[in-house]
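**Student:** Sequence below, structure please.
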Amino acid sequence: MELKDRIIENATTLFFQKGIRSITMSDIANEMGISKRTLYEVFRDKEELLEECVNYHMGKADREIKQMTEDSKNVVDALMLIYAKHLREAKDVNKSVIHDLKKYHSHIYEKIECRQKEGVNTFMPLFQRGREQGLLRDDVNFEILLWLLKSQFKALMEDNYIPTDKYSADEFIRAIILNFIRGISTPMGNERVDKLVNELNR
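**Tutor:** As a prediction, this is how the structure comes out:
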(Lines give C-alpha, C1' and ligand atoms only; values in the text may rest on other atoms or scores of the structure.)
Protein backbone atom coordinates (compact mmCIF):
# COMPACT_ATOMS: atom_id res chain seq x y z
CA MET A 1 0.00 0.00 0.00
CA GLU A 2 1.34 3.44 -0.93
CA LEU A 3 2.20 5.93 1.80
CA LYS A 4 -0.65 8.25 0.81
CA ASP A 5 -3.20 5.45 1.11
CA ARG A 6 -1.79 4.34 4.47
CA ILE A 7 -2.01 7.90 5.80
CA ILE A 8 -5.62 8.24 4.66
CA GLU A 9 -6.60 4.90 6.20
CA ASN A 10 -4.94 5.66 9.55
CA ALA A 11 -6.15 9.27 9.70
CA THR A 12 -9.72 8.21 8.92
CA THR A 13 -9.67 5.82 11.88
CA LEU A 14 -8.26 8.50 14.19
CA PHE A 15 -10.70 11.20 13.09
CA PHE A 16 -13.69 8.88 13.49
CA GLN A 17 -12.64 7.49 16.86
CA LYS A 18 -11.34 10.65 18.54
CA GLY A 19 -13.13 13.46 16.71
CA ILE A 20 -11.68 15.84 14.15
CA ARG A 21 -10.80 18.81 16.37
CA SER A 22 -8.92 16.68 18.87
CA ILE A 23 -6.59 15.10 16.28
CA THR A 24 -3.58 17.04 14.99
CA MET A 25 -1.19 16.33 12.14
CA SER A 26 1.41 15.51 14.80
CA ASP A 27 -0.92 12.87 16.28
CA ILE A 28 -1.32 11.26 12.87
CA ALA A 29 2.42 11.29 12.17
CA ASN A 30 3.19 9.82 15.60
CA GLU A 31 0.55 7.11 15.21
CA MET A 32 2.12 6.05 11.91
CA GLY A 33 5.72 6.37 13.02
CA ILE A 34 6.59 8.93 10.34
CA SER A 35 7.87 12.48 10.60
CA LYS A 36 5.55 15.45 10.46
CA ARG A 37 7.59 16.73 7.54
CA THR A 38 6.86 13.52 5.58
CA LEU A 39 3.16 13.94 6.31
CA TYR A 40 3.18 17.52 5.00
CA GLU A 41 5.01 16.39 1.87
CA VAL A 42 1.99 14.23 1.03
CA PHE A 43 -0.80 16.52 2.26
CA ARG A 44 -0.73 20.30 2.25
CA ASP A 45 -2.65 20.61 5.52
CA LYS A 46 -5.18 18.90 7.78
CA GLU A 47 -8.10 20.20 5.71
CA GLU A 48 -6.83 18.50 2.56
CA LEU A 49 -6.19 15.26 4.46
CA LEU A 50 -9.64 15.36 6.06
CA GLU A 51 -11.33 15.79 2.68
CA GLU A 52 -9.41 12.80 1.32
CA CYS A 53 -10.46 10.77 4.38
CA VAL A 54 -14.13 11.62 3.85
CA ASN A 55 -13.86 10.69 0.16
CA TYR A 56 -12.16 7.42 1.12
CA HIS A 57 -14.84 6.57 3.68
CA MET A 58 -17.76 7.35 1.34
CA GLY A 59 -16.18 5.44 -1.53
CA LYS A 60 -15.52 2.42 0.67
CA ALA A 61 -19.11 2.48 1.98
CA ASP A 62 -20.49 2.65 -1.57
CA ARG A 63 -18.38 -0.32 -2.66
CA GLU A 64 -19.35 -2.39 0.37
CA ILE A 65 -23.07 -1.73 -0.07
CA LYS A 66 -22.84 -2.55 -3.79
CA GLN A 67 -21.07 -5.83 -2.95
CA MET A 68 -23.68 -6.70 -0.31
CA THR A 69 -26.57 -6.15 -2.70
CA GLU A 70 -24.88 -8.19 -5.43
CA ASP A 71 -23.95 -11.10 -3.15
CA SER A 72 -27.27 -11.37 -1.30
CA LYS A 73 -29.91 -13.93 -2.30
CA ASN A 74 -32.68 -11.40 -1.83
CA VAL A 75 -33.33 -7.77 -0.91
CA VAL A 76 -34.15 -8.42 2.77
CA ASP A 77 -30.79 -10.18 3.21
CA ALA A 78 -29.06 -7.18 1.61
CA LEU A 79 -30.88 -4.70 3.86
CA MET A 80 -30.02 -6.72 6.96
CA LEU A 81 -26.35 -6.85 5.95
CA ILE A 82 -26.38 -3.07 5.52
CA TYR A 83 -28.08 -2.83 8.93
CA ALA A 84 -25.30 -4.90 10.54
CA LYS A 85 -22.70 -2.70 8.85
CA HIS A 86 -24.28 0.44 10.34
CA LEU A 87 -24.23 -1.13 13.79
CA ARG A 88 -20.54 -2.00 13.54
CA GLU A 89 -19.59 1.45 12.29
CA ALA A 90 -21.66 3.30 14.90
CA LYS A 91 -19.52 1.84 17.66
CA ASP A 92 -16.40 3.37 16.13
CA VAL A 93 -17.67 6.87 15.30
CA ASN A 94 -17.26 9.68 17.81
CA LYS A 95 -20.44 11.76 17.99
CA SER A 96 -18.37 14.97 17.68
CA VAL A 97 -17.34 14.10 14.10
CA ILE A 98 -20.51 15.44 12.48
CA HIS A 99 -20.50 18.50 14.73
CA ASP A 100 -16.87 19.26 13.82
CA LEU A 101 -17.53 18.82 10.11
CA LYS A 102 -20.61 21.04 10.18
CA LYS A 103 -19.02 23.82 12.24
CA TYR A 104 -15.40 23.90 11.10
CA HIS A 105 -15.35 22.19 7.69
CA SER A 106 -18.66 23.23 6.13
CA HIS A 107 -17.67 22.63 2.49
CA ILE A 108 -16.80 18.99 3.32
CA TYR A 109 -20.06 18.62 5.25
CA GLU A 110 -21.98 19.95 2.23
CA LYS A 111 -20.27 17.37 0.03
CA ILE A 112 -21.49 14.61 2.37
CA GLU A 113 -25.02 16.05 2.24
CA CYS A 114 -24.95 16.00 -1.58
CA ARG A 115 -23.72 12.40 -1.60
CA GLN A 116 -26.54 11.36 0.72
CA LYS A 117 -29.11 12.95 -1.59
CA GLU A 118 -27.67 10.98 -4.50
CA GLY A 119 -27.73 7.84 -2.32
CA VAL A 120 -31.51 7.94 -2.15
CA ASN A 121 -31.70 7.30 -5.90
CA THR A 122 -29.23 4.41 -5.77
CA PHE A 123 -31.49 2.48 -3.40
CA MET A 124 -34.63 2.75 -5.51
CA PRO A 125 -33.76 -0.14 -7.91
CA LEU A 126 -33.05 -2.32 -4.87
CA PHE A 127 -36.50 -1.61 -3.44
CA GLN A 128 -38.14 -2.29 -6.80
CA ARG A 129 -36.39 -5.68 -6.86
CA GLY A 130 -37.73 -6.36 -3.37
CA ARG A 131 -41.26 -5.70 -4.60
CA GLU A 132 -40.75 -8.12 -7.48
CA GLN A 133 -39.49 -10.75 -5.02
CA GLY A 134 -42.64 -10.32 -2.92
CA LEU A 135 -40.57 -9.27 0.09
CA LEU A 136 -41.27 -5.53 0.11
CA ARG A 137 -44.66 -3.83 0.13
CA ASP A 138 -46.02 -2.16 -2.99
CA ASP A 139 -48.17 0.36 -1.10
CA VAL A 140 -45.40 2.56 0.36
CA ASN A 141 -43.39 5.48 -1.01
CA PHE A 142 -39.79 4.33 -0.54
CA GLU A 143 -38.29 7.72 -1.34
CA ILE A 144 -40.24 9.42 1.46
CA LEU A 145 -39.39 6.64 3.92
CA LEU A 146 -35.69 6.83 3.02
CA TRP A 147 -35.68 10.56 3.76
CA LEU A 148 -37.39 9.90 7.09
CA LEU A 149 -34.74 7.28 7.85
CA LYS A 150 -31.93 9.69 7.02
CA SER A 151 -33.56 12.40 9.16
CA GLN A 152 -33.62 10.05 12.15
CA PHE A 153 -29.93 9.26 11.72
CA LYS A 154 -29.15 12.94 11.37
CA ALA A 155 -30.99 13.72 14.61
CA LEU A 156 -29.11 10.94 16.37
CA MET A 157 -25.69 12.15 15.21
CA GLU A 158 -26.18 15.91 15.37
CA ASP A 159 -28.73 16.85 18.01
CA ASN A 160 -28.69 16.67 21.79
CA TYR A 161 -32.44 16.11 21.86
CA ILE A 162 -32.14 12.31 21.76
CA PRO A 163 -31.12 10.97 25.23
CA THR A 164 -27.98 9.02 24.31
CA ASP A 165 -26.99 9.23 27.98
CA LYS A 166 -29.97 6.98 28.78
CA TYR A 167 -29.86 4.71 25.73
CA SER A 168 -26.79 3.90 23.64
CA ALA A 169 -26.44 4.89 20.00
CA ASP A 170 -26.53 1.16 19.23
CA GLU A 171 -30.01 0.85 20.74
CA PHE A 172 -31.32 3.80 18.74
CA ILE A 173 -29.79 2.50 15.51
CA ARG A 174 -31.29 -0.94 16.06
CA ALA A 175 -34.73 0.60 16.61
CA ILE A 176 -34.46 3.00 13.66
CA ILE A 177 -33.28 0.48 11.08
CA LEU A 178 -35.30 -2.52 12.21
CA ASN A 179 -38.51 -0.49 12.32
CA PHE A 180 -37.72 0.79 8.83
CA ILE A 181 -37.07 -2.68 7.39
CA ARG A 182 -40.08 -4.24 9.14
CA GLY A 183 -42.29 -1.36 8.02
CA ILE A 184 -41.51 -1.80 4.32
CA SER A 185 -41.55 -5.61 4.34
CA THR A 186 -44.42 -7.92 3.45
CA PRO A 187 -45.36 -10.75 5.89
CA MET A 188 -43.03 -13.03 3.91
CA GLY A 189 -40.27 -10.43 4.11
CA ASN A 190 -40.73 -10.07 7.86
CA GLU A 191 -40.38 -13.83 8.33
CA ARG A 192 -36.95 -13.49 6.76
CA VAL A 193 -36.16 -10.44 8.93
CA ASP A 194 -37.04 -12.38 12.11
CA LYS A 195 -34.79 -15.28 11.06
CA LEU A 196 -31.84 -12.98 10.36
CA VAL A 197 -32.33 -10.99 13.59
CA ASN A 198 -32.19 -14.24 15.57
CA GLU A 199 -28.97 -15.18 13.77
CA LEU A 200 -27.43 -11.76 14.49
CA ASN A 201 -28.30 -12.00 18.19
CA ARG A 202 -26.68 -15.41 18.70
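**Student:** how about the helices in this protein?
**Tutor:** 3-18, 25-32, 36-42, 46-71, 75-90, 96-104, 106-132, 142-158, 169-184, 187-200 (DSSP state H).
**Student:** domains of this structure?
**Tutor:** Listed by automatic domain parsing, the domain ranges of the chain are 1-71, 73-202.
**Student:** can you redo those domains as JSON lines with mean neighbour count?
**Tutor:** (Glycine included, C-beta is placed from N, CA and C.) Formatted as JSON lines, the domains of the chain follow (neighbours: other Cβ atoms under 10 Å):
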{"stretch": "domain 1-71", "mean neighbour count": "15"}
{"stretch": "domain 73-202", "mean neighbour count": "15"}
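**Student:** Would you reformat those domains as CSV and include mean pLDDT?
**Tutor:** Formatted as CSV, these follow (pLDDT from 0 to 100):
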stretch, mean pLDDT
domain 1-71, 95
domain 73-202, 88
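**Student:** ok, now how distant is G33 from K195?
**Tutor:** G33 sits 46 Å away from K195, going by Cβ to Cβ, to the nearest Å.
**Student:** Equivalent analysis for N179, please.
**Tutor:** In terms of Cβ to Cβ, N179 sits 18 Å off from K195.
**Student:** what's stretch 19-28 in contact with?
**Tutor:** 7, 10-11, 14-15, 36, 39-40, 45-46, 49-50, 94, 96-97, 100-101, 104-105 (Cβ atoms under 8 Å, 6 or more residues apart in numbering).
**Student:** Report the distance from that stretch to the chain centre.
**Tutor:** Per Cα atoms, centre = their mean, to the nearest Å, the displacement of stretch 19-28 from the mean C-alpha position of its chain is 21 Å.
**Student:** and the residue nearest to E158 when sequence neighbours are not counted, what does it touch?
**Tutor:** Leaving aside its chain neighbours, E158 sits nearest to I98 (5.3 Å; criterion: Cβ to Cβ, 6 or more residues apart in numbering). I98 is in contact with 109, 157-158, counting by Cβ under 8 Å, 6+ apart.
**Student:** Among those, which one lies nearest to H86?
**Tutor:** M157 (11.5 Å; Cβ to Cβ).
**Student:** Nearest residue to the closest one in space, please, no chain neighbours.
**Tutor:** I98 (4.6 Å).
**Student:** separation between that neighbour and K195?
**Tutor:** Distance, I98 to K195, by Cβ to Cβ: 34 Å.
**Student:** cool, and L101?
**Tutor:** 38 Å.
**Student:** Then E31?
**Tutor:** E31 is 42 Å from K195, by Cβ to Cβ.
**Student:** give the contact list for the most centrally placed residue in the chain.
**Tutor:** Geometric centre of the chain, nearest residue: H86, 5.8 Å, by Cα atoms, centre = their mean. H86 makes contacts with 173, 177, as judged by Cβ under 8 Å, 6+ apart.
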